[in-house]
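Trainee: I'd like to go over a predicted model; first the sequence, then the structure.
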Amino acid sequence: MKVHDGSTSFAQPRLAVVTSGTFDGVHVGHQKILGRLCEIARERGGETVVVTFWPHPRLVLYPEDNSLKLLSTFEEKVKRFEELGIDHVVRIPFTKEFSQLSSDAFIRKVLVEKIDTKYLVIGYDHHFGKNREGSFEYLTENAGRYGFQVEEIPRQDIDHVGVSSTKIRHALEEGDIFTANDYLGQAYQLSGKVVQGDQLGRSWGFPTANLVIAERYKLIPKDGIYACRVQWKDQRYEGMMYIGFRPTLNGIQRNIEVNIFDFDQQIYGDMLVVEFIGQIRGDMKYENTELLRAQLAIDRQDALKILAGYR
């Protein structure tokens with residue numbers, strides 16, 4: 001798969017089969033669209049192209065609003081597109097100036113002149129251009145003028161899976177990892193750099209890797225303990241993750257730390273990818289650290305049970 005910056009030259013593929021959107025999370029609803037894209041490309045001998053916008057439009061149009069949390073970084077989206085068999089991803093830098101582009105200008109400048117679209121696949125109720133004025137009806141009325149065919153994925157084909165990015169965000173905010181993963185079609189992920197902590201966990205027999213998540217917009221699930229899988233370099237391990245303020249220790253900042261089972265490596269400064277498999281419990285305050293330590297032993301066993309059922 002090739003990733004193209006929207007501001008650079010783009011060698012037009014043979015018979016471009018295209019879709020566009022933000023695709024936050026690349027969830028199973030999005031996968032309906034992407035699957036149809038790949039199907040048409042196979043039938044017609046074409047190549048698939050996903051046009052996506054980054055940064056997310058709301059991060060640009062409402063920079064002061066910190067309430068929006070995204071399910072995926074651009075890199076995570078690209079990885080998912082590749083796993084789903086997409087040939088090309090065109091990243092369009094989203095700016096306030098770009099947001100003023102009319103639907104006609106977007107179609108002509110991006111879909112026609114840049115990509116030479118031959119087939120365009122969109123989800124129902126998809127709108128684009130300034131004030132979201134572009135629509136499926138507009139596209140079909142003008143498809144002859146633009147020189148491509150348009151196909152809309154019917155409402156029932158997407159609605160029957162009952163999924164949306166909003167529903168996934170809500171599930172993660174409630175700690176409902178099973179529902180979120182079901183809607184995503186894979187385990188929800190966090191990527192972070194390992195930094196040095198106070199090493200209390202190590203003294204209790206539960207050493208943890210403290211993570212810093214660089215992207216402020218990335219959604220962090222509800223505080224609590226989670227069964228997880230951890231990717232380090234090319235290896236995958238099992239573990240349990242803690243998110244919270246460490247109330248037993250009267251913590252004042254939110255911590256994200258993972259105890260990797262049967263692991264003893266020096267990983268400060270390395271990147272870890274954590275896959276959430278299931279919530280074990282919510283965050284709790286204990287009377288003393290001995291009770292907390294005892295609970296962690298129970299949490300480990302619960303994590304292993306959840307992970308065993310996930311394989």
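Mentor: Received the coordinates, thanks.

Trainee: Gly197 contacts Glu257, doesn't it?
Mentor: Yes: between Gly197 and Glu257 there is a contact under C-beta atoms under 8 Å: 6.6 Å. For glycine as for every other residue, the C-beta is placed from the backbone atoms N, C-alpha and C.

Trainee: Of those two, which one has the most company?
Mentor: Counted by other C-beta atoms under 10 Å, Gly197 and Glu257 do not tie: Glu257 has more neighbours, with 21 against 15.

Trainee: Spit out the contact partners of the closest residue to that one other than its chain neighbours.
Mentor: Spatially, and ignoring its direct neighbours in sequence, Glu257 is nearest to Thr208 (3.9 Å; C-beta to C-beta, 6 or more residues apart in numbering). Contacts for Thr208 (C-beta atoms under 8 Å, 6 or more residues apart in numbering) come out as 197, 201-202, 242, 257-259.

Trainee: again, 7 Å this time
Mentor: 197, 201, 257-259 (C-beta atoms under 7 Å, 6 or more residues apart in numbering).

Trainee: Flag the least confident of those.
Mentor: Checked by pLDDT, the contacts of Thr208 have Gly201 as the lowest-scoring entry (76).

Trainee: Pop out the phi and psi values for that residue.
Mentor: phi -60, psi -40 (degrees, to the nearest 10).

Trainee: For it, which residues are in contact?
Mentor: The contact partners of Gly201, by C-beta under 7 Å, 6+ apart, come to 207-208, 259.

Trainee: 10 Å instead, please
Mentor: 207-210, 242, 257, 259, 293, 296 (C-beta atoms under 10 Å, 6 or more residues apart in numbering).

Trainee: now, which of the residues you listed sits nearest Lys167?
Mentor: Of all the contacts of Gly201, Tyr242 has the smallest distance to Lys167: 25.5 Å, by C-beta to C-beta.

Trainee: burial measure for that closest one, as a count.
Mentor: Count around Tyr242 with other C-beta under 10 Å applied: 22.

Trainee: quick check, it in a strand?
Mentor: Yes: according to DSSP: H, G, I helix; E, B strand; the rest coil, Tyr242 belongs to a strand.

Trainee: my guess is it meets Asp223, correct?
Mentor: Yes: counting by C-beta atoms under 10 Å, Tyr242 touches Asp223, with 8.6 Å between them.

Trainee: between those two, what contacts are shared?
Mentor: 255-256, 283.

Trainee: Let's see if you can find the most crowded of the residues you listed.
Mentor: That'd be Ile256 among the shared contacts of Tyr242 and Asp223, by other C-beta under 10 Å, with 20 neighbours.

Trainee: Not counting sequence-adjacent ones, nearest residue to that residue?
Mentor: Nearest to Ile256 is Leu211, by C-beta to C-beta, 6+ apart, at 4.7 Å.

Trainee: My reading is that the one you found lies in a helix. Confirm?
Mentor: No: under three-state DSSP, Leu211 sits outside any helix and is assigned strand.

Trainee: Take the contacts of Thr208 and write them to a markdown table, including secondary structure and distance to Gly21.
Mentor: Converted to a markdown table, the contacts of Thr208 look like this (DSSP: H, G, I helix; E, B strand; the rest coil; distance: C-beta to C-beta, whole Å):
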| residue | secondary structure | distance to Gly21 |
| --- | --- | --- |
| Gly197 | coil | 39 |
| Gly201 | helix | 41 |
| Glu257 | strand | 35 |
| Val258 | strand | 32 |
| Asn259 | strand | 37 |
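
Trainee: quick revisit: measure the residue nearest to Glu257 to Phe178 for me?
Mentor: Applying C-beta to C-beta, to the nearest Å, the value for Thr208 to Phe178 is 24 Å.

Trainee: go on, Tyr242?
Mentor: In terms of C-beta to C-beta, Tyr242 sits 19 Å off from Phe178.

Trainee: residues in contact with Gly6?
Mentor: Neighbours of Gly6 in contact, by C-beta under 10 Å, 6+ apart: 51-54, 90-94, 98, 110, 114.
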